[in-house]
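Asks: predicted model and sequence follow; I will ask about them next.
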Amino acid sequence: MTEPMARTQLPNGPWQDLAIDYMGPLPTGEYILVVVDYYSRYYEIEITRTTTAEKVIKSLKQIFATHGLPYSITSDNGPQFTSEVFAEYLKDNDIVHHRTTPLWPQANGEVERQNRSLLQRIKIAQGEGKNWKEELLTYLFAYRTTPHSTLGISPAEALYGRKLRTKLPELRPSVPDDESIRDEDRLKKFKGKEYADDRRRAAEADICIGDKVLMKQPYHNKFTTPFQTKPYTVKSKTGNCTTVESPEGILYKRNVTHLKKYRTRSEASESTHEKEETTVEDMSENRDQHTMEESPVGILEPNNTEPNNTDEPENSDKPNNTDEPENSVETEVAVDRPDVSRRPIRTRQLPAKFKDFRL
């Protein structure tokens, strides 16, 4: 079951809510720390050799020395982001830490999208035999000064409130309007959500607190079933993020897409029986409606007149009935035809390739 997409609310201003993630390892053994601003879509990168919590803190200090401290940071559940050292650093700087649902990278989609663009640029530089680190700087400058499809202005203009000067000739820049940024962001997100939900046929999951569910398990081999056999109990549900408890008492946090409602054999059979009855009723209603639409109000039939006896002569001695006229005229009366469902008749004909054959 795929639930409708949940869009991230636009922050009140630039550099307030950030998303961070590591991309790598690259073939050179290096990693790239990516820090994205949710408001302006402006992001900073840091190339490192290690991914420890100490190295993350050192990189963030350099970035925060330029842009200042944010209000919150969103990350995945990597060991460097869940360590006590990293938690202590965020606490000392009064930064709220949001962690995404495990095994659901879409929850941190903004930074994941930038990772894909960076990796694509690195591949292009490698294919052209260029220094990928220098090409990344060229790409970052082009990205920061190009109008964003969602914002309508460049990320640098949304962050700094001014346009960065490029080699392209232009007039004196104007200060961007925050209301226009929000309108563009709201419109683009709504269109993206509507398209994604319609394409995935998303629907609200019927999973509530206290329900028994089955949790999806990793694929190991062809004998691996999609879901685990033992049921889990739903303890809490916030949006698409659901916390379940195993029979051993262990808590797991998963996206609702990774869960399926658990039904016993009797419940499953009752559900199947109800679906079959509903299907039969719908088919019967559709057939009756189709018959009523195709059948006319009535058909015209002649009155039952007494057939002439051809054996008798034209001028018989039989007395004429004075109640009826001599030359009776057949009248047409509308008679209702009963509703009878008829199967369509298929026209049978030989294929065109046999038209020259005598069968």
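Replies: Arrived safely, thanks for sending.

Asks: can you pull the domain assignment for the protein?
Replies: Following automatic domain parsing, the chain resolves into domains at 17-200, 205-291.

Asks: ok, residue 191 to residue 197 distance?
Replies: 11 Å (C-beta to C-beta, to the nearest Å). Yep, even glycine has a C-beta here, placed from its N, CA and C like the rest.

Asks: quick one, which of these two is more surrounded?
Replies: A count of neighbours by other C-beta atoms under 10 Å puts residue 197 above the other of residue 191 and residue 197, at 15 against 11.

Asks: is it true that that one touches residue 5?
Replies: Yes: at 5.7 Å, residue 197 counts as touching residue 5 under the criterion of C-beta atoms under 8 Å.

Asks: what's the spacing between residue 99 and residue 8?
Replies: Per C-beta to C-beta, residue 99 is found 15 Å from residue 8.

Asks: repeat that for residue 101.
Replies: Noted for residue 101: a distance of 14 Å to residue 8, by C-beta to C-beta.

Asks: same drill for the two, tell me which one is more crowded.
Replies: Neighbours were counted for residue 101 and for residue 8 using other C-beta under 10 Å; residue 101 has more, 23 against 15.

Asks: residue contacts, the more buried one?
Replies: Taking C-beta atoms under 8 Å, 6 or more residues apart in numbering as the criterion, residue 101 is in contact with 107, 240, 241, 253, 254, 255.

Asks: would you reformat the domains of the chain as a markdown table and include mean pLDDT and distance to residue 344?
Replies: A markdown table is the format used below for these (pLDDT from 0 to 100; distance: least, C-beta to C-beta, whole Å):
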| stretch | mean pLDDT | distance to residue 344 |
| --- | --- | --- |
| domain 17-200 | 89 | 33 |
| domain 205-291 | 79 | 11 |
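
Asks: most tightly surrounded among those?
Replies: domain 17-200 (a mean of 16; mean count of other C-beta atoms under 10 Å).

Asks: measure it end to end?
Replies: 29 Å (C-alpha to C-alpha, to the nearest Å).

Asks: next one: stretch 150-160
Replies: 17 Å.

Asks: quick one: distance of that stretch to the chain centre.
Replies: 27 Å (C-alpha atoms, centre = their mean, to the nearest Å).

Asks: list the contacts of it.
Replies: 14-15, 37, 39-43, 67, 143-148, 163-164, 173, 176, 180-181, 184-185, 188-189.

Asks: ditto for stretch 14-28
Replies: With contacts defined as C-beta under 8 Å, 6+ apart, stretch 14-28 is touched by 11, 30-40, 42, 51, 56, 60, 67-68, 70-76, 78, 80-81, 108, 110-112, 115, 118-119, 122, 158-159.
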